[in-house]
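**Student:** Would you be able to build a 3D model of this:
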Amino acid sequence: MANFGTRTIIAAVAAGVLGFAVAFVSGNAIEGQRPELPPGYEDSDLSIHGSRLKGFALGFDGLIADWYWVKSLQYIGDKMIAADMAGKEVNLDDLRDLDPRLLYPYLENATDLDPRFIAAYSYGAVILPSIDPEKAIAITEKGIANNPNEWRLYHQLGYIYWKLGRYEEASRTYERGSQIAGAAPFLKMMVAAVKTEGGSRATARQVYSQMLSEAQDEQTKVVAERRLAQLDSLDERDAIDKALADLKDKTGRCANDLREVNSLLMSAKLPNGREFRADSNGRIVDPSNVPYVLDKQECRSRLDFERSGVAGR
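**Tutor:** You can find the predicted model right below:
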């Protein structure tokens, strides 16, 4: 016969199984009767703040910080997917239409719990300028205050100032970062570049190339790759427009179609050793395979987004 201890264990296990079964059935019933949540419910204010948890998380501060970090990535990704499914264009230079007001609180919580969370600071520095530039500056300055020897954060802050056209502040920030032991030579190069060339295409290419090489998350990588592709497209349009102008000077008329200058373009050399590309129909296309077409009135090239099915940029 089972002794009292054995009976107690069996009773406890049975009670646990029964309780789980009841909870499962009840949960399904409640889920089935739950009213539809209003739009934007997922953006309800965060009820728990990382600064209040710090020191009381039984050594799990870093794990909770990781959770907030992952949530911040998913949050923007889900917003972009929802906008795409609704047929809305996402402008990487201005994400305010997505109303991502919880991004900063997520990053604030992550970095309150783990002040050395460099990836979280860097992500905020790249994404937040298109939402709230002042909060982008705030999260990056917080990162520098907590990690004064992390030169990458100075690059991120310099990027924000550069993006805002505040070139003097960008130059001073790059100068501070360049003085840190082990800092990339890139920072020293940027001290003069952002001050003298400001928003030039060459400076932009340096900024986004460095950002791509340092990207620690997919969204930052996508931003950098798209920006570099857009810069390549601007170089290509310059070359196409020059060919059109040369033809007009020679013949006294604008081309009837870009194919008239295709032979010149396909043998032309672009910056960084790149070459023009054509699609199966013989149309010159940009780095994202959107075809260029002729604006005959201006005698200049433009991108044919409608015929390609690609949203405008």
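**Student:** From now on I want contacts and neighbour counts done on CA atoms only, so please keep to that.
**Tutor:** Will do.
**Student:** where are the low-confidence patches of the stretch 1-150 of the chain?
**Tutor:** Scanning the stretch 1-150 of the chain with the threshold set as pLDDT under 70 gives 1-60.
**Student:** What ranges does it have for its strands?
**Tutor:** Using DSSP state E, counting those that start in this stretch, the stretch 1-150 of the chain contains no strands.
**Student:** give me the element Gly182 is part of.
**Tutor:** Using DSSP states H and E, Gly182 sits within no helix or strand.
**Student:** which of the residues in the longest helix anywhere in the chain are buried?
**Tutor:** The residue-count maximum for a helix in the chain (DSSP state H) belongs to helix 218-251. For helix 218-251, a neighbour-count test (16 or more other CA atoms under 10 Å) marks 219-221, 223-225, 227-233, 236-237, 239-241, 243-245, 247 as buried.
**Student:** can you list the domain ranges for this protein.
**Tutor:** 51-225, 234-308 (automatic domain parsing).
**Student:** and those domains, which is most packed in?
**Tutor:** domain 51-225 (a mean of 19; mean count of other CA atoms under 10 Å).
**Student:** ok now that domain, how far from the chain's centre?
**Tutor:** 9 Å (CA atoms, centre = their mean, to the nearest Å).
**Student:** What of stretch 233-248?
**Tutor:** 31 Å.
**Student:** any idea of the mean pLDDT for that stretch?
**Tutor:** On average, the pLDDT along stretch 233-248 is 92.
**Student:** now stretch 167-179
**Tutor:** 95.
**Student:** CA-only coordinates of it in CSV, if you can.
**Tutor:** Presented in CSV, the C-alpha positions along stretch 167-179 are these (Å, rounded to 0.1, in the frame of the first residue of the first chain):
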residue,chain,number,x,y,z
TYR,A,167,27.6,69.7,-40.2
GLU,A,168,29.6,71.6,-37.6
GLU,A,169,28.2,69.4,-34.8
ALA,A,170,28.8,66.3,-36.9
SER,A,171,32.4,67.3,-37.4
ARG,A,172,33.0,68.0,-33.7
THR,A,173,31.4,64.6,-32.9
TYR,A,174,33.6,62.7,-35.3
GLU,A,175,36.6,64.6,-33.9
ARG,A,176,35.8,63.4,-30.4
GLY,A,177,35.4,59.8,-31.6
SER,A,178,38.6,59.9,-33.6
GLN,A,179,40.6,60.6,-30.4
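**Student:** heads up, I number from 34, so please use that
**Tutor:** In the new numbering, first residue 34, that becomes stretch 200-212.
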